[in-house]
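>>> could you look at this predicted model? Sequence included:
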Amino acid sequence: MHDDQTQNRQTMEAADLKSMDISQLAVFLGSLGEPPFRAKQIFEWMHKKRAVDLEQMTNLSKDLRSRLRQSAKLTVLRPVRVQTSKLDGTKKYLFALEDGNSIESVLMRYRHGNSVCISSQVGCRMACRFCASTIGGLVRDLSPSEMLEQIYRVEADCGERVSHVVVMGTGEPLDNYDNLLQFLRLLSDPNGLPISQRNITVSTCGIAPKIRALADEKLQITLALSLHAPTQKKRERLMPVAAQYELCEVMEACDCYFAKTGRRMTFEYSLIHGVNDTPEDAEELAALLAGKNCHVNLIPVNPVRERDFVQPDGYETLAFKNKLEKYKINVTIRRELGRDIDGACGQLRKKYEEGCGGA
């Protein structure tokens, strides 16, 4: 038992190579007595050549590889379930983490390229009423390497290049702020994959101070606000976080993001029958967004077993869209993908943890 505890502690303390940028790798390797140029070699092995084992890094000496095995870890996720939609080819992945937890990722194919939706946390503490991801609460944050690995494993499985990434799976990305920033820098590093920041979208339920902090980073990513209601009162009923950050404060933070980055905001709006899809809701939403350089993404809510929310029908969804367009709001209805494979965030993971399978 003592040996197991010691081994677990050593694993926890091991340096996470794939979460480091080149300068951080150089510092770590310097502590092992290695020259700085090794950092770029290892970085390229991990992020460009996608080595899954230190032994594949053949231009490193056997001695260095041995010392790295003792003091560091190379994070590689393991797929335990893969579902493929018979409707549209969307693929949903369940990945096992080193500590026994699991996370979901989704590959979506569009005309403009392949997009992967990744998770940023195991579970979520935001408790949005219509989301399956929050049902078990937050377990822990994901490391930058665990976020990257979702993309790398999807590419390895499908044999195709991923051109777009959305951080819109399980978790609130801005609740894992420092790891998110490191992930974004690694993902767009020219020595790695790299994916253009303009092809990366990060979704948030509205942690206003973190939106302002992200604006100061002056990244070129798209920020998407999960809005889901046009008024403070209705938003509080759907999203408990709204009680902490009032709608007016969140909208001011979004204005700040646009002013500092020049990047147009996206507002995600899950349409729920009889809850937020009335003509009055559309008018209030149009008033809230009037004059803003933004885009509204209407999402007919995904049915979740544990919730009683219902999708509006196609006519009601189109009527809501037309109402917004009448007020000169830029709006689209998100194309539903993966409806037949536990499409809502968190459903596949929950089934797996309950022992229901889902393959």
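Looks like it arrived, so ask away.

>>> residue ranges in the protein under the pLDDT threshold?
1-12, 304-307, 338-339, 341-359 (pLDDT under 70).

>>> now do the strands in it.
15-16, 72-73, 78-84, 91-96, 102-110, 113-118, 121-123, 138-141, 162-167, 200-204, 222-226, 265-271, 294-300, 331-333 (DSSP state E).

>>> how far is the first one from where the chain is centred?
It refers to strand 15-16. 22 Å (C-alpha atoms, centre = their mean, to the nearest Å).

>>> list of residues touching it?
Phe28, Ser71, Ala72, Lys73, Thr75, Ser143, Pro144, Ser145 (C-beta atoms under 8 Å, 6 or more residues apart in numbering). In short, each C-beta sits where N, CA and C put it, glycine included.

>>> show me what contacts the closest residue to the fifth one other than its chain neighbours?
Residue nearest to Thr75 in three dimensions, not counting chain neighbours: Ser145, with 3.9 Å by C-beta to C-beta, 6 or more residues apart in numbering. Counting by C-beta under 8 Å, 6+ apart, Ser145 touches Asp16, Leu17, Lys18, Ser19, Thr75.

>>> pretty sure the last one contacts Pro144?
Right, the one you point to is Thr75. No - with contact defined as C-beta atoms under 8 Å, Thr75 does not count as touching Pro144 (9.2 Å).

>>> picking that back up, so which of the contacts of Ser145 wins on neighbours?
Neighbour tally across the contacts of Ser145 (other C-beta atoms under 10 Å): the maximum, 24 neighbours, falls on Lys18.

>>> distance of the closest residue to that one other than its chain neighbours from Thr170?
Excluding the flanking residues, the one nearest Lys18 by C-beta to C-beta, 6+ apart is Ser145, at 3.5 Å. Distance of Ser145 to Thr170, given as C-beta to C-beta, to the nearest Å: 17 Å.

>>> and if you look at Leu68?
Taken as C-beta to C-beta, the span from Leu68 to Thr170 is 31 Å.

>>> more crowded one of those two?
Neighbours per residue, other C-beta under 10 Å: of Leu68 and Thr170, the larger number sits with Thr170, 26 against 22.

>>> Cys117 is in contact with that one, correct?
No - counting by C-beta under 8 Å, Thr170 stays clear of Cys117, with 9.8 Å between them.

>>> what sits closest to Leu247 if chain neighbours are left out?
Gln232 (4.5 Å).

>>> surely the one you found is in contact with Cys248?
Yes - here Gln232 reaches Cys248: they are 7.5 Å apart, a contact under C-beta under 8 Å.

>>> who's more crowded, those two?
Gln232 (14 against 11).

>>> any idea which residue is closest to the centre of this protein?
The centre of the chain sits closest to Val167, judged by C-alpha atoms, centre = their mean, with a distance of 2.2 Å.

>>> distance of it from Lys18?
Counting by C-beta to C-beta, the gap from Val167 to Lys18 is 17 Å.

>>> try Arg81
23 Å.

>>> give the contact list for Leu29.
By C-beta under 8 Å, 6+ apart, the neighbours of Leu29 are Pro35, Pro36, Arg38, Ala39, Ile42.

>>> can you tell me which of those are in helices?
Within those, residues falling in helices by DSSP state H are Arg38, Ala39, Ile42.
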